[in-house]
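>>> fold the following and give me the result.
(5 chains, ligands or ions: 4)
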Amino acid sequence: MTTAPARAGTAIGMSRLTVRFSSRRSQTTALDDVSLDIEPGEFVTIVGPSGCGKSTLLKIVAGLVQPTSGEVSLLDRPVRGPQKEIGFVFQKAALLEWRGARANILLQAEMRGMDRAQAARRADELIEMTGLTGFEKALPHELSGGMQQRVALCRALLHSPPVLLMDEPFGALDALTREQMNAELHRIWRETGTTVVLVTHSIAEAVFLGTRVVVMSARPGRIIRTFPVELPAHRDYAQVMSDSRFDRLATDLRGLLGSAAANH
Amino acid sequence: MTTAPARAGTAIGMSRLTVRFSSRRSQTTALDDVSLDIEPGEFVTIVGPSGCGKSTLLKIVAGLVQPTSGEVSLLDRPVRGPQKEIGFVFQKAALLEWRGARANILLQAEMRGMDRAQAARRADELIEMTGLTGFEKALPHELSGGMQQRVALCRALLHSPPVLLMDEPFGALDALTREQMNAELHRIWRETGTTVVLVTHSIAEAVFLGTRVVVMSARPGRIIRTFPVELPAHRDYAQVMSDSRFDRLATDLRGLLGSAAANH
Amino acid sequence: MTENALDTAGRQADAAGAPAASAATSSTDGSSTVAAPPPGVGGRPPRPTLGRRALILADSLWRPALVLAAFFAAWWFVAAREYVPNYLVPTPGQVWATMTDQWSELARHTMVTLYETVLGFVLAAALGLAAAVAIAYSRTLDKALYPIVLFAQVIPKIAIAPLLVVWFGLGLTPKIILAVLIAFFPVVISGVAGLRSTDPELLDLAATMGAGPWRTFRKIRFPNALPHLMAGLKVAVTLAVVGAVVGEFVGASEGLGYVLLLANGNLDSALLFADLILMSAIGIVLFVLVEIAEALLIPWHASRRAGVPLTTS
Amino acid sequence: MTENALDTAGRQADAAGAPAASAATSSTDGSSTVAAPPPGVGGRPPRPTLGRRALILADSLWRPALVLAAFFAAWWFVAAREYVPNYLVPTPGQVWATMTDQWSELARHTMVTLYETVLGFVLAAALGLAAAVAIAYSRTLDKALYPIVLFAQVIPKIAIAPLLVVWFGLGLTPKIILAVLIAFFPVVISGVAGLRSTDPELLDLAATMGAGPWRTFRKIRFPNALPHLMAGLKVAVTLAVVGAVVGEFVGASEGLGYVLLLANGNLDSALLFADLILMSAIGIVLFVLVEIAEALLIPWHASRRAGVPLTTS
Amino acid sequence: GGDDSSGGGTGVDGDKQVTLTLNWVPYGEHAPFYYGLQKGYYSAEGIDLKILPGNGSGNTVKQVAQKQTDFGWADSPVLLKSVASGMPVRSLGAYLEKGPSSVEFFAEENIKTPADLKGKTVGGTPGDALYATFPAWLEKNGLKPSDVKVVNVDAAGKIAALAEGRVDAIMGFFHDQAPTIESKTGKKVDVLLFADYGMNLLGTGLIANTQTLQKDPELARKFVRATQKSWAEAARDPAGAVSAMVALAENEPAPEVLTKQLTLNLPLIGADGPPGVNTDAQWTETIDLMSRYAELKDPGAPTAYWDASYAAQG
Ligand SMILES: Nc1ncnc2c1ncn2[C@@H]1O[C@H](COP(=O)(O)OP(=O)(O)OP(=O)(O)O)[C@@H](O)[C@H]1O
Ligand SMILES: Nc1ncnc2c1ncn2[C@@H]1O[C@H](COP(=O)(O)OP(=O)(O)OP(=O)(O)O)[C@@H](O)[C@H]1O
Ligand SMILES: [Mg+2]
Ligand SMILES: [Mg+2]
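Ligands and ions are numbered 1, 2, ... in the order given. Reported below is the predicted structural model:
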């Protein structure tokens, strides 16, 4: 199903990706023959055991890692180098230690040469949304882990990119904040039609947010299954959690991940 | 109940802790009048909204942050400077980038001047336990986020400390690995009688592991409630998850966290 | 601000507010973050009062002052007791007399050397940074430029100074060329080290933002390289003085290097020492200016952060 | 290993295996990690074949070689055509003749200077590191030592060289003192910058491990400071040569500084240039040795990591 | 200073600006120049003279060769070497016909003749003419070069090395150094002149670039004329010369030192004819000594080094 070559109208196309890292010490196959096509406007969530190559996959799409073999395309153009039509939330917050929270968010605007006033307004909205109000000027080392992650999130959202690649963006957040962020991200996705690929360890999050959930195997990372999420496009947290379809899918995923990870 | 002064036989005693961070830019009250006594052998889990001062609390116990006011004691001695009878898992992995995974774990032994051969054996056990086999020599930047976190975990466990302070040690792990790690930690705690304080965002984890769950309010961080966990000392993951007491406590916590965070 | 910038203690207190109520840990490695002012203080903490600032200043100055005093005492003792003959080491009094007697002359020479030094340093900083950027960014330029830069460094300047004077005359040019040649290398080396040490994650980030090399340089690499670079500039500024002096030494009719030549030729040790003191003063003043610039430019850096253990002892 | 250590390209290939199948990105800032060898290669990747290694070596050498060739060509052109008179700049041929004629003499002098330089450099590195540690660890020593170190740096060495000769005689001592005095400062500055830039988190970590200052230094601060420190050492080693030469210049009966004096006095520009070339050679060889040491000591550092964009262009 | 100082512009009163670079920082030997300047001998020739201190004769000759200064005041042996190495310079006459090269030591050393130097340590600066000819001078005086231990000290450190007892004696120009050492240490200094013991090398003199001479021989003639007059008049009025120097020079030695230096200097000028007028024989002797002992390559006739046509025979 996913081995078809990238065709017109595909937001992200990956075909037969293999990635081997080799150093003097050892050789690691991070991804093995991964193919996946993502339509514009899809919200694909990726779950899989630690070290299976999820981050590597996102970096390949962003053009930050070159696959050993295979082809990637983004917005119908082959990926040859770093891509800029994206918003990337890295697994580590990757903040500039010499800039305050707000300045770190606005880095996105400065690097892209965006309109200053508009960017500033948007930054303020995002700061408000992520509950960072009052910490606009705090330097990264003065922020808690979760706050740093939220700053990185704001930064990736600032320019309303057509494609969002998110590597465990909510990992350091408490349950409630996480739910709020999930809801916000869901809203943004619905309203803008952004294509999103999100890596997460939370099965609930994967199901609540995704239109499709991709499950990867332990190293070497392969796609072992793709679940379409048969929930309405417009979702409400409490509603979804009590939905039986949610329950069923979550149980399926849990089972699959358990078994997938068992031979690890 | 927790305002009583630290008495003999207390593993960790905190009384009326207040912490205010002030910089040229702003002033933040991270903790406000926090008092908590922890018995030797207890496993206290702390949950609370992002930025409420959980990390700060752990650092105060470790003697890395000085409270603005209040008293702390560790193993019945007042905390005046950094403490060494502890194992600390920081929120960030804090690995030395010039050392391989195994060497990073063994740093603990080297810094403490532990017996080399014994430490090496223990390190290998821990590497095996955390599924890092094959990556002993990989440098931090060659490890995935979850693998880095596991290295940091191994490092904190290496010397079998009497007190373990863990700041979201499993945040970057997938569900299955996390469960396995939870089970291992539970086993270690049971077998060694270590006093553990663990910060987490996972309510399931907090309940599964803890003998007591401390819930903190949003900034300024206060302890709003402490739940004893009335589950058997020896727990099994599947069993606990299906236990009704677990369900009830988790729901209570979820509700409390929601409401606690609501006025944030 | 200025006096605080000079003073780690001042900055620290500024950044972390007043000291903690409890006694500070004294272990050198005991990393201990001082959190906030004692309960009594409250409110907005910043801006120490005038009294406090004076105290901070005094605290930051007494140690160097003591060292200086000890130095002068030792000098005076050695010279006045003639443990060392006066024509080698004059007494502080003789030097002082020379200084005051010939003040206007010496001031003029000092200004000349200062001018050459500053010009040389600024040029060296600019060229050094440019070379560092070229080397750090392009492998081809790295391989091609590095040998040249290295060669320019390892040739002893005293040996080529006469050649420079012969080629460029007795004017300002050879002095400035020498100052640049001498001060250039540390800037390049530390610039390259700084630019290359950028966290690859941050470069990845910049790449996904579609930023061109210039923006990435300006917003990420350059600020990241600053702590390294400042170390290079500190070395460079002291060397620039040497460059200017060597240039004057070889052929000039003004400047402290020229005075050095005269003093040496006449075995006028008082003048020689007065001259040395002025040269050193130029070096020290410029060095301190670079340090102030550093404090203003990279207050965020770990080395200047409040509660970093090495400043709490 | 040795030739690879000299060569970023070699290291890169070694670290990341063979280049990726697809074309490498060419954008300077396009951070792109090359993952692994093309499918065909497989198996254990390391150890490039002899042919490949030769290629790598050739690739790393042709640019400096080209620069060198261009330099010699320009020199020859300028000198042979007498655009610059021969008494100022001899032809490469004349210099070569002098070198071969007086080879055994020159070799002896070179060894002397090399010896002084190495000794001076090693001492400067040790003392500089010690001073850096003292300054970085103790605020009191910081305030007390810094002015002394700074003062020792800003005093022009050419001015005090005669004093040193008078005090310490004409033997090895004054040369080594001068080499140390000149090479010392960059080590201190970069050492302090490096030691102070330790991530506070790591110091926290060390503190919870109950490690004393010495262990923390050895296991955390020192390795962390190495990238900074190596930059300082690179500058220091080139300056140590200058120090030794200045020392010989002032009073010696052997060494390249002495030869310089002779050549100057005899207006023997061929000998002068031969001498300068040998001095430079000492500087370059020692610099390259420090670079090799750096490559061996900090292969982990971001600046030397595979796929760092600045080495992919 | 700078490039524009050569070639010469014209001063306010129409005088041609001319620079003279000395062999060293000003000392008593140079007083006649300041005397001539003060008395207007140079401006009488339409020359607006600027006197610049030097940093060794070698550097001065190089500056003249590069036309960065119009005239130079340099030691003749250095000039020989410079010409041999291809520099386009000529002497316009050596003014110190008796070379000031000497061995200097404290009187307390009790050295009276060269033979007394046996077993002593002597400091010299490698590369200068004294250093090169010293062994030959010893041999001329019945000593083996190995009888004396020569150590190498640079010019700036030489006096200090002697005063500090690091060496027993130094090689140098006695008329410059001896008064300075005496004034600084308060101890009497004795000297052995090379010239008094069988080996005379011409001393300092006026030099110019050959191209300058070709282009403007008249200027050179005027300049030499004024210089000869200055030296002749200064010899008659040493006190006036010293006070002229005190008035016009920068950072000159103390007047008593200057006086002593000048007094020692005057006998070196030579009584046979006006100052700056030499004989072929004098030059031949110097050339011969230099070629024998100091590696002067391809020694030629005196005319290769010296142009006698500028100095007025008087
Ligand atoms: N630069 C690198 N050099 C060598 N190996 C690497 C590199 N980056 C990643 N790897 C390896 O590739 C594998 C996949 O890493 P990746 O970071 O993609 O995992 P992940 O799925 O994101 O894991 P996690 O959930 O723990 O973040 C790991 O085994 C890791 O060790
Ligand atoms: N060094 C510091 N300087 C200034 N403010 C600080 C500093 N460290 C922490 N804070 C502030 O203290 C508050 C609590 O931080 P802390 O890291 O303890 O939160 P946390 O509960 O661990 O949050 P998270 O779950 O996001 O990690 C935050 O508002 C943070 O901004
Ligand atoms: Mg990852
Ligand atoms: Mg935290």
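>>> contacts only, for residue E:231.
E:32, E:36, E:95, E:269, E:275, E:276 (CB atoms under 8 Å, 6 or more residues apart in numbering or on different chains). Yep, even glycine has a C-beta here, placed from its N, CA and C like the rest.
>>> check the secondary structure at it for me.
Here residue E:231 is recorded as helix under DSSP: H, G, I helix; E, B strand; the rest coil.
>>> need the per-residue pLDDT for it.
Note on residue E:231: pLDDT of 92.
>>> that one and ligand 2: what is the separation?
Counting by CB to the nearest ligand atom, to the nearest Å, the separation of residue E:231 from ligand 2 is 80 Å.
>>> give me the low-pLDDT residue ranges for the stretch 51-200 of chain C?
Within the stretch 51-200 of chain C, the segments meeting pLDDT under 70 span C:51-53, C:56-57, C:60.
>>> tell me, how many residues neighbour the residue of the stretch 101-250 of chain A at minimum distance from ligand 1?
Among all residues of the stretch 101-250 of chain A, residue A:219 sits closest to ligand 1, at 5.5 Å; criterion: CB to the nearest ligand atom. Counted with other CB atoms under 10 Å in any protein chain shown, residues neighbouring residue A:219 total 22.
>>> go ahead and confirm it touches residue A:29.
Yes - using CB atoms under 8 Å, residue A:219 is in contact with residue A:29, at 7.0 Å.
>>> give me the helices and strands touching the helix or strand where residue C:280 lies, please.
Using DSSP states H and E, residue C:280 sits within helix C:269-297. Based on contacts counted as 3 or more CB pairs under 8 Å, 6 or more residues apart in numbering or on different chains; DSSP states H and E, the elements that helix C:269-297 packs against are helix C:2-5, helix C:92-101, helix C:103-137, helix C:222-250, helix C:256-265, helix D:139-154, helix D:157-168.
>>> just to check, residue C:256 is in contact with residue C:274?
No - using CB under 8 Å, residue C:256 makes no contact with residue C:274, being 9.6 Å away.
>>> chain A - how does it break down into domains?
Here the domain parsing of chain A from automatic domain parsing is A:18-85+A:162-264, A:93-161.
>>> weakest of those domains in terms of mean pLDDT?
The stretch with the lowest mean pLDDT among the domains of chain A is domain A:18-85+A:162-264, at a mean of 85.
>>> separation between residue E:63 and ligand 2?
When distance is defined by CB to the nearest ligand atom, residue E:63 is 63 Å away from ligand 2.
>>> give the burial count for that residue, as a bare number.
By the other CB under 10 Å criterion, the neighbourhood of residue E:63 contains 28 residues.
>>> got it, and the one 3 residues further on?
Per other CB under 10 Å, the neighbour tally for residue E:66 reads 20.
>>> pretty sure residue A:68 contacts residue A:20?
Yes - the criterion here is CB under 8 Å, and residue A:68 meets it with residue A:20 at 4.9 Å.
>>> how about residue A:29, secondary structure?
The local conformation at residue A:29, judged by three-state DSSP, is strand.
>>> spit out the contact partners of it.
The contact partners of residue A:29, by CB under 8 Å, 6+ apart, come to A:18, A:19, A:20, A:219, A:220.
>>> residue closest to the middle of the chain?
If you meant another chain, say so; for now it's chain A. Closest residue to the average C-alpha location of chain A: residue A:166 at 2.1 Å, with CA atoms, centre = their mean.
>>> if you could check chain E rather than the one you did, that'd help
Centroid check for chain E by CA atoms, centre = their mean gives residue E:204 as the closest residue, at 2.8 Å.
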